[in-house]
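Engineer: make a model of this:
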Amino acid sequence: MRTRRFAWAGGAATAAAIRSWSVDTAPEVDIAPIRDAVRDGGDAALLSLTARFDATESPPASLIVEPEARSRCLESIEPTLREALETAAANIRVVAEAQVRDDPIVVDLPQGHRVEIREVAVGAAGIYAPGGRGAYPSSVLMGAIPARVAGVERVALATPPGPDGSVRPEVLAAAEIAGVDEVFAVGGAQAIFALAYGTESVSPVDVVAGPGNNWVREAKRAVYGQVGVDSLAGPSELMVAIGGDADPEWAALDLCSQAEHGADGLLVAVAVQSTVLETLEEATLRAAAERSGVEDAPLAVVEVPGPTDAIALADSLAPEHLQLMGEEFAGLAAEVRTAGCVFAGAHSATAFGDYAAGSNHVLPTGGAGRFSGPLGPGAFRRALASVEVSADPATKLAQTVDTLARAEGFPVHGESAMIRRDR
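Structural biologist: Reported below is the predicted structural model:
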């Protein structure tokens, strides 16, 4: 694990220095050829790309994973894994249900008319669950369950097959638990384009959601406008603010756990006392050296003047995950404004949120927490306004509309309103 000490220069300046040091250096990706291939070639192009990038040993004959295969996987996986998936799914569902507003907002205006705002679900959602270094059944649950709770009629899952052409059984089991309607064995940018534009086998969706690599992220950016997208999530991030009464060994494992996602993420260790910070840094380096897959992650180390300065740094950095460990920090959770998800208290490890606490692990990264939040049912719902203007309020509002419309150079708008007053 590579570390660097940052001198305190205020929340915004220190955050900028950390971001500059740890910026994602992955090369830019050219997704245009993949987009064109999928739009022009449909299923044949998807199968060809799958054989090239994912199912390199035994390409599948079909993109579609039949429902019977999902059912068999659910019945055949280890009972302890099934129980864990069902526990996580139940918690994710409860938290998602709490976010859905079924009753419309009705506003009665002074002129006597009424405006109603209600939420309706999109018709179809495409969920992407990544592959690569491992299988991610948790991402299936995190994406598909909020879509289902939102009221989406059709939920489709795209996930890359392994080299042998098959989708991992735990992923298919999670799809069955989450109530996914369709599963397609296709990954990468090509999966996003298929969900957005459609092919012979894949019907297009209205919203695409779920985490992925740089190719997936850039494909989501390219299709935004054709479909809605949840976010452009990038590499994993964790900031840990630790007090003297918290266990540095716990914090070290928390930092290393996020390093498992890859060396392109961001880890930040913060403390007020220099001795506490040094102890945490040493414990983290020791833990990383003893575990494979975490040794190359970047760790920024910052000594802050006080607990509120740590919150100022978090608000400027907007980390994906923020852990507040120790009494001096845990009580400040309500003051945080921009982190993707806050974990308050020594026992609240980020790993709980990643899997089973019920919060969503699809979170804003790269500072996007300044303007976005966790994936939830809201990503699959849209507001619909209804306006009811009867004769009396129409008479009262017509002159206002006419005045504003003519000021903007649209006199016919004004006529449209005034005719309802004059007749």
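
Engineer: contact partners for the residue nearest to Val207 when sequence neighbours are not counted?
Structural biologist: If the residues on either side of it in the chain are set aside, Val207 comes closest to Gly228, at 4.2 Å by CB to CB, 6 or more residues apart in numbering. No exception for glycine: its C-beta is placed from N, CA and C like everyone else's. Counting by CB atoms under 8 Å, 6 or more residues apart in numbering, Gly228 touches 122, 206-208, 379.

Engineer: longest helix anywhere in the protein?
Structural biologist: helix 32-53 (DSSP state H).

Engineer: helices and strands around that helix, which ones?
Structural biologist: Judged by 3 or more CB pairs under 8 Å, 6 or more residues apart in numbering; DSSP states H and E, the packing partners of helix 32-53 are helix 188-197, helix 214-223.

Engineer: how far does the last one sit from the chain's center?
Structural biologist: If you compare the mean C-alpha spot of helix 214-223 with that of the full chain, they lie 14 Å apart, counting by CA atoms, centre = their mean, to the nearest Å.

Engineer: likewise the first one?
Structural biologist: Centroid separation for helix 188-197 versus its chain: 17 Å, with CA atoms, centre = their mean.

Engineer: buried residues in it, which are they?
Structural biologist: Buried residues in helix 188-197, counted by 16 or more other CB atoms under 10 Å: 188-197.

Engineer: what would those residues look like in a markdown table with pLDDT and distance to Gly262?
Structural biologist: A markdown table is the format used below for the buried residues of helix 188-197 (pLDDT from 0 to 100; distance: CB to CB, whole Å):
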| residue | pLDDT | distance to Gly262 |
| --- | --- | --- |
| Gly188 | 96 | 16 |
| Ala189 | 97 | 18 |
| Gln190 | 98 | 21 |
| Ala191 | 98 | 20 |
| Ile192 | 98 | 20 |
| Phe193 | 98 | 24 |
| Ala194 | 98 | 25 |
| Leu195 | 98 | 24 |
| Ala196 | 98 | 26 |
| Tyr197 | 98 | 29 |
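
Engineer: that older thread, out of the contacts of Gly228, who's nearest Pro146?
Structural biologist: Comparing those against Pro146 with CB to CB places Ala379 closest, at 7.0 Å.

Engineer: show me the contacts for that closest one.
Structural biologist: Taking CB under 8 Å, 6+ apart as the contact definition, Ala379 lies against 146-147, 150, 207, 209, 228, 230.

Engineer: how near is the residue nearest to Phe53 when sequence neighbours are not counted to Ile31?
Structural biologist: In space, and not counting its chain neighbours, Phe53 is closest to Gly188: 5.7 Å by CB to CB, 6+ apart. Note on Gly188: its distance to Ile31, by CB to CB, to the nearest Å, is 9 Å.

Engineer: shared neighbours, these two?
Structural biologist: Residues touching both Gly188 and Ile31 (CB under 8 Å, 6+ apart): 215, 219.

Engineer: domains of the chain?
Structural biologist: What automatic domain parsing lists as the domains of the chain is 2-24+234-357, 32-104+122-229, 389-422.

Engineer: need those domains in CSV (columns: distance to Ser372).
Structural biologist: Shown next, in CSV, are those (distance: least, CB to CB, whole Å):
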stretch, distance to Ser372
domain 2-24+234-357, 8
domain 32-104+122-229, 11
domain 389-422, 32
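
Engineer: ok, which of these comes nearest Phe371?
Structural biologist: Closest to Phe371 of the domains of the chain, according to CB to CB: domain 2-24+234-357, at 8.8 Å.

Engineer: quick one on the thing from earlier: next, give me the two most distant ones among the buried residues of helix 188-197.
Structural biologist: Across those (CB to CB), the longest gap, 14.8 Å, separates Gly188 and Tyr197.

Engineer: which ones are touching the residue nearest the centre of the chain?
Structural biologist: Centroid check for the chain by CA atoms, centre = their mean gives Val362 as the closest residue, at 2.9 Å. With contact taken as CB under 8 Å, 6+ apart, Val362 is in contact with 139, 142-143, 209-211, 230-231, 233, 374-375.

Engineer: now do 6 Å
Structural biologist: 142, 211, 375 (CB atoms under 6 Å, 6 or more residues apart in numbering).

Engineer: please apply the same query to Gly187.
Structural biologist: 54, 131, 160.

Engineer: just put those residues in JSON lines and tack on pLDDT.
Structural biologist: Formatted as JSON lines, these follow (pLDDT from 0 to 100):
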{"residue": "Asp54", "pLDDT": "92"}
{"residue": "Gly131", "pLDDT": "85"}
{"residue": "Pro160", "pLDDT": "96"}
